[in-house]
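Participant: Next come a sequence and a model predicted from it.
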Amino acid sequence: MPTSNPVPAAHTPAPGEPVLVLLSPGADPRLADPAAPHLSVTDQGVTRGDGLFETALAVADETGTFALRKLGAHLGRLASSADALGIAAPGPEPWRAAIEAGLAGFAAANPVAPGDRLSVRLTVTRGPEAPAGVEARPTAWALLTPAARTSDAERAEGVRVLLLERGLDSAAVEGAPWLLTGAKTLSYAVNMAALRHAKAHGADDVVFTSADGYLLEGPTSTLLLARTGADGTRRIVTPLRQKGILAGTSQSVIFAAAEAAGWRLGYGPLAPADLDGADGLWLVSSVRGVLPIRTVDGRDVPVDAELTERLQAWLDADGDPGVHVSGDPIRDED
């Protein structure tokens, strides 16, 4: 009689279904049935939200071949989040292999046209609860699902946002790393509750503020604003990461391109009053891209379609973010 269960055969994706890739230490990534159960009911990612994730965008080129955008930045931020949580997440190479397997599996099951998009979510949990003295074994997987393109109308019209207090003082955040404000954790219940609150009050999205009045970020996005100086020089600014926000991978790519184009850069700190007089405000993220903000707490703000198109083009170009991936504080004073 065998003493262990055999390794299940790799799953063959069906047309139109998500593609799931499981990672196991010392083994090749394996395609699995996304409709089958894979998590233990004691997995701490489920019972405690104790885990982390990254969501990236893969886009098919003119030959129908998928390429993942900002892969290095996403893997770097995943590793940083894993360090903050103390989780032994897979390294870059296993993730790259899993992504390649997932993209190949999707392409084998579906016709792919240029411009097709996939959301690629990489997830790691602390794993099932283990007996005292035994280290939990992390659970890791990649899930690939078709991603709709943001409509031209949505990008042109913009979104309505509310400013909502996150309830944390920025000074407390800086002195309390266990709050994990700079890590992309699975604990998104507050973020989703904020979005539900916004929709219930006639808005589309949220920008969080600290208890002491600093602008932070959206529940699933980074805030950007643009200004034109008295000398005609453009400036693009984002809130200061050290005030308790996640370093944005999309923001980093846009900042690098803006700097190359002669724009000046700034990293907060920003307060709500700094939104007044801006040439434009945007929420940016990997899958939705660049979305202009058209109202803040019911007050109209300018929507500049040309600027939006420029920022989106920089993001689509997927250039090297360089040092801007880190969100290093650069205070532009003039």
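Facilitator: It's in.
Participant: hang on, residue 64 in a helix?
Facilitator: No. Under DSSP: H, G, I helix; E, B strand; the rest coil, residue 64 sits outside any helix and is assigned coil.
Participant: In contact with the closest residue to it other than its chain neighbours: list those residues for me.
Facilitator: Spatial nearest neighbour of residue 64, excluding adjacent residues (C-beta to C-beta, 6 or more residues apart in numbering): residue 112 at 4.3 Å. In this view, the C-beta of every residue, glycine as well, is placed from N, C-alpha and C. Each residue near residue 112 by C-beta atoms under 8 Å, 6 or more residues apart in numbering is listed here: 60, 64, 65, 66, 106.
Participant: Adding neighbour count, write those out as TSV.
Facilitator: Listed next are the contacts of residue 112 as TSV, based on neighbours: other C-beta atoms under 10 Å:
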residue	neighbour count
60	18
64	13
65	13
66	21
106	25
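Participant: right, and the secondary structure at the residue nearest to residue 64 would be what?
Facilitator: Following three-state DSSP, the label given to residue 112 is coil.
Participant: residue ranges of the helices in the stretch 201-334 of the chain, please?
Facilitator: 249-260, 305-317 (DSSP state H, counting those that start in this stretch).
Participant: out of the ones you listed, deepest packed?
Facilitator: helix 249-260 (a mean of 23; mean count of other C-beta atoms under 10 Å).
Participant: that older thread, can you convert the helices of the stretch 201-334 of the chain into JSON lines and add a column each for distance to residue 166?
Facilitator: Output for the helices of the stretch 201-334 of the chain, formatted as JSON lines (distance: least, C-beta to C-beta, whole Å):
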{"stretch": "helix 249-260", "distance to residue 166": "19"}
{"stretch": "helix 305-317", "distance to residue 166": "25"}
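Participant: Can you add mean pLDDT and distance to residue 34 and give the ones you listed back as JSON lines?
Facilitator: Below are these laid out as JSON lines (pLDDT from 0 to 100; distance: least, C-beta to C-beta, whole Å):
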{"stretch": "helix 249-260", "mean pLDDT": "94", "distance to residue 34": "25"}
{"stretch": "helix 305-317", "mean pLDDT": "95", "distance to residue 34": "28"}
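Participant: Nearest to residue 276, out of these?
Facilitator: Closest of the helices of the stretch 201-334 of the chain to residue 276 is helix 305-317, at 17.2 Å (criterion: C-beta to C-beta).
Participant: so how far is the closest one off the chain centroid?
Facilitator: 18 Å (C-alpha atoms, centre = their mean, to the nearest Å).
Participant: what sits up against that helix?
Facilitator: 155-156, 224, 226, 250, 253-254, 257-258, 279-280, 282, 284, 289-290, 292.
Participant: Remind me which helix or strand residue 160 belongs to.
Facilitator: strand 159-165 (DSSP states H and E).
Participant: Looks to me like residue 121 is in a helix.
Facilitator: No. Under three-state DSSP, residue 121 sits outside any helix and is assigned strand.
Participant: residues touching it, list them.
Facilitator: Each residue near residue 121 by C-beta under 8 Å, 6+ apart is listed here: 53, 54, 55, 56, 142, 143, 144, 145.
Participant: ok, now residue 295?
Facilitator: 160, 161, 203, 301.
Participant: I'd like to know how many residues surround the nearest residue to the second one once chain neighbours are set aside.
Facilitator: The one in question is residue 161. Leaving aside its sequence neighbours, residue 161 sits nearest to residue 205 (C-beta to C-beta, 6+ apart; 4.8 Å). Burial measure for residue 205: 20 neighbouring residues, criterion other C-beta atoms under 10 Å.
Participant: my guess is residue 205 contacts residue 218, does it?
Facilitator: Yes. Between residue 205 and residue 218 a contact is recorded at 5.8 Å, counting by C-beta atoms under 8 Å.
Participant: Give me the common contacts of these two.
Facilitator: What both residue 205 and residue 218 touch, as defined by C-beta under 8 Å, 6+ apart, is the set 161, 283.
Participant: What separation is there between residue 250 and residue 228?
Facilitator: Using C-beta to C-beta, to the nearest Å, residue 250 is found at 22 Å from residue 228.
Participant: Which is the succeeding secondary structure element to the worst-scoring helix or strand of the chain on mean pLDDT?
Facilitator: Here the helix or strand of the chain ranked lowest by mean pLDDT, DSSP states H and E is helix 170-174, holding a mean of 79. Heading C-terminal from helix 170-174, the first helix or strand you meet, by DSSP H and E, is helix 189-200.
Participant: Flag every buried residue along that following helix.
Facilitator: Across helix 189-200, burial judged by 16 or more other C-beta atoms under 10 Å covers 191, 194, 195, 198.
Participant: Can you tell me which of those residues is nearest residue 88?
Facilitator: residue 191 (25.6 Å).
Participant: ok, now which ones touch the closest residue to the closest one other than its chain neighbours?
Facilitator: The shortest distance from residue 191 to any non-neighbouring residue, by C-beta to C-beta, 6+ apart, is to residue 219 (3.5 Å). Applying C-beta under 8 Å, 6+ apart, we find residue 219 in contact with 188, 191, 192, 194, 195, 205, 206, 208.
Participant: And the furthest pair within those residues?
Facilitator: Longest span within these, C-beta to C-beta: 188 and 205, 14.4 Å.
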